[in-house]
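# Just to be clear, the model below is a prediction. Sequence and coordinates:
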Amino acid sequence: DAKTTQPPSMDCAEGRAANLPCNHSTISGNEYVYWYRQIHSQGPQYIIHGLKNNETNEMASLIITEDRKSSTLILPHATLRDTAVYYCIVRVNRGGSGNTPLVFGKGTRLSVIA
Amino acid sequence: DTEVTQTPKHLVMGMTNKKSLKCEQHMGHRAMYWYKQKAKKPPELMFVYSYEKLSINESVPSRFSPECPNSSLLNLHLHALQPEDSALYLCASSTPRRGANGYTFGSGTRLTVV
């Protein structure tokens, strides 16, 4: 699985958009970009994933550059409850039992400030 | 039921004690995982069970002994632990049909070894 690089920490004002970058310059053609987050003292939670098109769901938007070497997770209106560590993970999404387990990098600690 | 339930939530044990952590899910997921997380670090994979068989052991010391009695239950038996084993122990489950976006994590057991 390709390596990812994320800033160790970011601040965001409550109500503003939080834009979390992830660099994955060695990504290969069949690797997806996944985002999980971990709120303090809870288990990680899936947010969103994509291959090459931009994606949006009820939690966030994912913008992947055309060359797929980087991506940005956007929380459109951050709240205090979005304070968490955000993990960007790149891996192949094989079906059946061929998947390797989820492995976490260091992530970005997002602090949403009132 | 869309949850992974871990018990107990907190555990304090002495270095000579034997204790067990329990994890349960009723989502029909056939892969289950144990992760260990130290403070301010990402979760680290310990064990993977696939269809009730141990498929990955990430060189975990034998004082940690996993068990998967059935497809819904995962245990982690602890014996002769060291203070440095104090951590948050996370259980997760997944279904191969959904790949890396299909992981569900429990809230963890916070273990303190005294």
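Yes, it's here.

# For chain A, which residue gets nearest to chain B?
In chain A, the residue that lies nearest chain B is A:G43 (2.8 Å; Cβ to the nearest Cβ). Quick note: C-beta positions are derived from backbone N, CA and C, even for glycine.

# tally of neighbours for that residue?
Using other Cβ atoms under 10 Å in any protein chain shown, A:G43 has 22 neighbouring residues.

# Nearest spatial neighbour of it, chain-adjacent residues omitted?
B:F105 (2.8 Å; Cβ to Cβ, 6 or more residues apart in numbering or on different chains).

# and the one you found, what does it touch?
A:42-45, B:4, B:90-92 (Cβ atoms under 8 Å, 6 or more residues apart in numbering or on different chains).

# Distance check, the residue of chain A closest to chain B against B:A39.
15 Å (Cβ to Cβ, to the nearest Å).

# A:R81 now?
Separation of A:R81 from B:A39 (Cβ to Cβ): 21 Å.

# go on, A:N19?
27 Å.

# So if I had to pick from these two, which one is more boxed in?
Neighbour totals were compared for A:N19 and B:A39, and A:N19 leads with 15 against 7 (other Cβ under 10 Å).

# Just the element for the more buried one, please.
Per DSSP states H and E, A:N19 falls inside strand A:18-23.

# is the following helix or strand past that strand anywhere near chain B?
Moving toward the C-terminus from strand A:18-23, the next helix or strand (DSSP H and E) is strand A:31-38. Yes: Strand A:31-38 is in contact with chain B by Cβ under 8 Å from any Cβ of the partner chain, via A:32, A:34, A:36, A:38.

# Top of those residues by number of neighbours, please.
Neighbour counts for the residues of strand A:31-38 next to chain B peak at A:Y36, which has 25 neighbours (criterion: other Cβ under 10 Å).
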